[in-house]
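Asker: predicted coordinates and the sequence they were generated for:
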Amino acid sequence: MKQLNICIALLTAAALLLTGCAGNREKGGETTGTAEAGQQETEETQSQTEKPAEPEARGTGPITFTDMNGREITLEKPADRIVALTASDCEILYALGAGDTLVGRGEYCNWPAEVMDVPSVQSGENTNVEQIIALQPQVLLMSAMAQTDEQIEALENAGIQVVVSYAQDIEGVYEAISMIGTAMGKNDEAESLVTEMKNTFDQIRENSTGDGSETIYFEVSPLEYGLWAAGSGTFMDEVARMLGLANVFADMEGWGEVSEEQVIQRAPDYIVTIAMYYGEGLTPVEEITSRSGWENIPAIQNGKLLNLQNDELSRPGPRLKDGAELLYEFVYGGKTE
Amino acid sequence: MGAMLEVNNLTVRFGQMTIVDEISFSVSPGEWLMIIGPNGAGKSTINNAISRAVPYTGTVLFEGTDIRRSKSREMARNIGVLSQNHYVGYGFTVEEVIRLGRYAHAPGLLAGGKDEGEEKVRDAIRKTGMEPYLNQSVLTLSGGELQRTFLAQLFAQDPRLLILDEPTNHLDLIYQKQVFALVGEWLKKPGRAVISVVHDLSLARAYGTHALLMKKGKIVSIGSVEQVMAPEYLNQVYDMDVYDWMRQMYGQWSGAAQT
Amino acid sequence: MKKRSREGFSLPIYILFTAVTLAVMLLCICVGSVMLPPMDTLEVLWNGLTGAQGPVNEMAANIILPVRLPRVLCVALVGASLSLCGGAMQGLLKNPLADGTTLGVSSGASLGAVTAIAFGISLPGFPFAGSMVMAVLFAFGSLALILSLAYKLDSSLSTNTIILIGVIFSMFASSISSLIITFAGDKIKTITFWTMGSLQGSSYENALVLLAALALFGGLVIGCGRELNAFAVGEDNARNIGVNVRRVKLTVLICISVLIGVCVSVSGTIGFVGLVTPHMLRSITGPNHRRLLPATLFGGACFLMLSDLLARTLLNPRELPLGVVTSFVGSMMFIYIFYMSRKGR
């Protein structure tokens, strides 16, 4: 019986994923959007009526879950008006096919491209409660870092449910995805997204032949404005270990400003920079190659430099797998699959 | 005897206000011109105009040359100014401050004090009695000592015309007398003249050769001290019987008013 | 009475200063975030100087000449320039608290540099000259604005008025910078660079530009030593003794703007250097600018090199922004000077 239930759930998930994806793709076009959404809804209700055995029927009864700050959250129904302050949460929403529920985004959210059409609000230290209340969301997704208790209280007094999403490692990202999926009534999409990520990472781990003897250096800010590198406890570090590489700055916690001398001494075999290129002057890779004193670093001698421009490895979102794949291709050549 | 300084139609305005209104006078070598008058008459402003510290209309000629045409150093070699109070921001030594007086005589940008002025500096220090203080910081001096330091600087500067702007304003009586006596001594050498603004009429009377009495930016009377400081002018300007008051103030001390 | 007191330093004292500065420089080259054997370092240096080839420690060769030496040189030159500017401003304005940081000139300069980068203002062929020129122009504009405002409000230019205006202007310029940085997004990456300064990635070209600016404009400022003495005694006094007040002021302010602008565009804002060194040196040399100004060159170079040494090594392998170290020392010094000057009145 239990097994049967799981099978049904998986099937439903697959079906939903297909329709969800289709709907999303269609929305890129102009007029069919609403029609598709309607269709999607009917299919959802259909699937519910078809499988009454499913215990957590969607749309009926309140949803309860624990957010990543350990608070009990109860929602009357899945949220359909959301403000997300962090870029990663926006990305998760879109990946779950719930991008259309977003009524406001943090100012630094920039992926996927259509998120830029959503009204932006200040985030982080500059979080502005009034801006958020004005958008009348049911749920505010934010990270645990910068907002004060007073701000949270003010928001909840205004009837906005604050949900904290705060991933510090890849496990945390899975947790954030499932939590957001629950809040949105998109459990199945969340589950398949997590599975997809896990599969990708497993595959990478399996295919990677590195034994930790080769080293990698992640450059977060270019030399011009002070060199910043990623240390341990970062997603970059986690992905490096997945690939069987050692992060040269593993002895440093988090991101930090480091000196050129340290990079030269630690002589990384690979260099990844996340600097942006604006189409003028040297590209980030050329700039690193041209630094004096760096000539004898193995990565530069062997041309092993990669520029990841789109925050793939710096955000706790679903695109971590894209970043990991790009890094795998860069290190081992060829696709993971 | 030609005039050293010739002031023609001097007018100074600050915004809408006319502080000094079309004033003309001249000063010849050997003269000590006392500018007197009540507060707000524009006395100090005349000094500021002659020392080019404020913009003015009209002309000021020093030995026939418009002072607006002369270079800063040339100007300082001709006219020296002693202001009313000094606050020095840093602990320069007395000697350093006095030696600054030679600036106008030093030839170039990087040149040191190697001119015939060494004698002048020593002379100035001796005359003002500042020898004991030379290595002392000016921050530690009393008001009178500080005033003497700047007087020594002025003597070292060796100008032809001295302008004193209420030089004894904040000083005790004994220092007031000291400063005036030193300037009187300085004036004895030929080819020199002094213009000073004073509040104290008895000092003006005692040391001045000439006087210029002003009220509200205009000249009320100009001429020798005796002429100008006649009761009819003074009483008109100060709105009171000045001599009667001076008698009351000083009379009981053996007639100090007419020294 | 002494025969004739020499105002400037004698040659032996200059030699002593140079020796001390070189010793500090050598220390800063030998010690760094990566520990290298001092003998290898010296050998690399020696070979670099003499052009000799020889078997050397390869790590030392990769680090010393391409990375550490240019950085130490730039730090020394920035320190010397900023200290000289501080000393000159304090004399010119008769204000012991005047400095590029307290007057808001540095913030103005970094606003200029940020503007140049954000709007892509550049001189063809000289990629970083655009931000440098803008930094210099903005530094001069800031100075002119602050001083004319101060004159308008309080013609005696009292210590408090001018510092107050400087601080307010500084906040104003920083807020505009932050605004531009926010709108320019990723193009101007680290805000800390513009507020706290860094000399990472300094090159010999940077050092050359700094040296040229210091030789030309710093030389001019030092040449105004006597005039600055007169200003330090009082601007009225300066006029009275025959200083061309307007010309000297303009010359010194232009030189200061150029030096601060060039420094800021190379190193970001490094606070309070111009406050700390002249003040420490004044107690040794006295207030006479003909001694003080040359001394600030050496003293400023040593102070900043040692601060940078701390910034590089304190939290190894992390780097502290250099401005964190100098601002820490500088704000203490600011309070001390302010306290003493209040008490002294």
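Answerer: Happy to help now that I have it.
Asker: tell me the secondary structure at the residue in chain A positioned nearest to chain C.
Answerer: Residue nearest to chain C within chain A (C-beta to the nearest C-beta): A:Gly293, separated by 2.8 Å. Placement of C-beta: from N, CA and C, glycine included. Three states are possible here, and by DSSP: H, G, I helix; E, B strand; the rest coil the one that applies to A:Gly293 is coil.
Asker: phi, psi of it?
Answerer: For A:Gly293, the backbone dihedrals (degrees, to the nearest 10) come out as phi 90, psi -10.
Asker: give me the most central residue, chain C.
Answerer: With the centre of chain C defined as its mean C-alpha position, the nearest residue by C-alpha atoms, centre = their mean is C:Leu82, 1.6 Å away.
Asker: next, count neighbours for C:Leu306.
Answerer: If you count neighbours by other C-beta atoms under 10 Å in any protein chain shown, C:Leu306 ends up with 16.
Asker: tell me who's in contact with the residue nearest to it when sequence neighbours are not counted.
Answerer: Leaving aside its sequence neighbours, C:Leu306 sits nearest to C:Val24 (C-beta to C-beta, 6 or more residues apart in numbering or on different chains; 6.5 Å). Going by C-beta atoms under 8 Å, 6 or more residues apart in numbering or on different chains, C:Val24 touches C:301-302, C:305-306.
Asker: quick one: the strands in chain B?
Answerer: Taking DSSP state E as the criterion, chain B carries its strands at B:5-14, B:17-27, B:32-36, B:57-62, B:65-66, B:79-82, B:161-165, B:193-197, B:210-215, B:218-224.
Asker: put together CSV for the ones you listed, with distance to chain A on each row.
Answerer: Rendered in CSV, the data for these read as follows (distance: least, C-beta to the nearest C-beta, whole Å):
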stretch, distance to chain A
strand B:5-14, 48
strand B:17-27, 50
strand B:32-36, 63
strand B:57-62, 56
strand B:65-66, 57
strand B:79-82, 53
strand B:161-165, 55
strand B:193-197, 60
strand B:210-215, 63
strand B:218-224, 64
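Asker: in strands only, show me the contacts of C:Val24.
Answerer: Restricting the contacts of C:Val24 to those inside strands, with DSSP E as the criterion, leaves an empty set.
Asker: between the residues you listed, identify the one with the most neighbours.
Answerer: Per-residue neighbour counts (other C-beta under 10 Å) across the contacts of C:Val24 peak at C:Ala301, which has 27 neighbours.
Asker: what separation is there between it and C:Ala295?
Answerer: To C:Ala295, C:Ala301 is 11 Å away according to C-beta to C-beta, to the nearest Å.
Asker: checking my notes, A:Arg105 in a strand, right?
Answerer: Yes: with three-state DSSP as the criterion, A:Arg105 is located in a strand.
Asker: so for the lengthiest strand in chain A, what's the average pLDDT?
Answerer: Looking only at chain A and at elements set by DSSP E, the strand with the highest residue count is strand A:215-221. If you average the pLDDT over strand A:215-221, you get 90.
Asker: next structured bit after that strand?
Answerer: Following strand A:215-221 in sequence order, the next helix or strand is strand A:228-230 (DSSP states H and E).
Asker: where are the low-confidence patches of the chain?
Answerer: All of this refers to chain A. Per-residue confidence of chain A (counting by pLDDT under 70) places the weak regions at A:1-61, A:145-147, A:334-337.
Asker: the intended chain is chain C.
Answerer: Judged against pLDDT under 70, the low-scoring parts of chain C cover residues C:1-6, C:55, C:125-128, C:155-159, C:185-195, C:343-345.
Asker: SS state for the residue nearest to the centre of chain C?
Answerer: Here C:Leu82 is recorded as helix under three-state DSSP.
Asker: how about the contacts made by it?
Answerer: C:100, C:259-260, C:263, C:270, C:273-274, C:300, C:304.
Asker: ok, those vs chain A, which is closest?
Answerer: Closest approach to chain A among these (C-beta to the nearest C-beta): C:Ile270, at 12.4 Å.
Asker: leaving out chain neighbours, which residue sits closest to that closest one?
Answerer: C:Gly197 (3.7 Å).
Asker: and if you look at B:Tyr233?
Answerer: B:Ser221 (4.6 Å).
Asker: that neighbour and A:Glu238, how far apart?
Answerer: Relative to A:Glu238, B:Ser221 is positioned 96 Å away (C-beta to C-beta).
Asker: swap in B:Ser26?
Answerer: The value you get for B:Ser26 to A:Glu238, if C-beta to C-beta is used, is 93 Å.
Asker: wait, the residue of chain A closest to chain C sits on C:Asn62?
Answerer: Yes: taking contacts as C-beta atoms under 8 Å, A:Gly293 lies within contact range of C:Asn62: 5.3 Å.
Asker: hey, what's in contact with both of the two?
Answerer: Residues touching both A:Gly293 and C:Asn62 (C-beta under 8 Å, 6+ apart): A:Ile264.
Asker: does the residue nearest to C:Leu306 lie in a helix or a strand, and which?
Answerer: Secondary-structure assignment from DSSP H and E places C:Val24 in helix C:11-30.
Asker: can you show me the helices along the stretch 151-300 of chain A?
Answerer: Secondary structure of the stretch 151-300 of chain A (DSSP state H, counting those that start in this stretch): helices at A:170-184, A:187-207, A:235-242, A:260-266, A:284-289, A:298-301.
Asker: now the angle between helix A:170-184 and the third one, please.
Answerer: An angle of 120 degrees separates the directions of helix A:235-242 and helix A:170-184 when computed by axes from the mean of the first three to the mean of the last three C-alpha atoms, to 10 degrees.
Asker: now do the same contact list for A:Asp80.
Answerer: Counting by C-beta under 8 Å, 6+ apart, A:Asp80 makes contact with A:101, A:138.
Asker: which one is B:Ile79 nearest to, not counting chain neighbours?
Answerer: Across the structure, with C-beta to C-beta, 6+ apart as the measure, the residue nearest B:Ile79 apart from its sequence neighbours is B:Leu161 (4.8 Å).
Asker: touching, the one you found and B:Gly80? I think so.
Answerer: Yes: at 7.2 Å, B:Leu161 and B:Gly80 qualify as touching, with contact defined as C-beta under 8 Å.
Asker: the two - which one has more neighbours?
Answerer: B:Gly80 (27 against 23).
Asker: that one touches B:Pro167, doesn't it?
Answerer: No: assessed by C-beta under 8 Å, B:Gly80 is found out of contact with B:Pro167, at 11.8 Å.
Asker: how close does A:Phe218 sit to C:Arg247?
Answerer: Counting by C-beta to C-beta, the separation of A:Phe218 from C:Arg247 is 55 Å.
Asker: the two: which is more packed in?
Answerer: In this comparison of A:Phe218 against C:Arg247, neighbours counted by other C-beta under 10 Å, the higher total goes to A:Phe218 at 29 against 12.
Asker: list the contacts of the more buried one.
Answerer: Under the criterion of C-beta under 8 Å, 6+ apart, the neighbours of A:Phe218 are A:229-230, A:234, A:236-237, A:240, A:247, A:249, A:272-274, A:313.
Asker: try C:Gly242
Answerer: If a contact means C-beta under 8 Å, 6+ apart, then C:Gly242 has B:72-77, B:103-104, B:157 as its contacts.
Asker: out of those, who's near chain C?
Answerer: Among the contacts of C:Gly242, the residues within reach of chain C (C-beta under 8 Å from any C-beta of the partner chain) are B:72-77, B:103-104, B:157.
Asker: since that was my last question, I'll sign off now.
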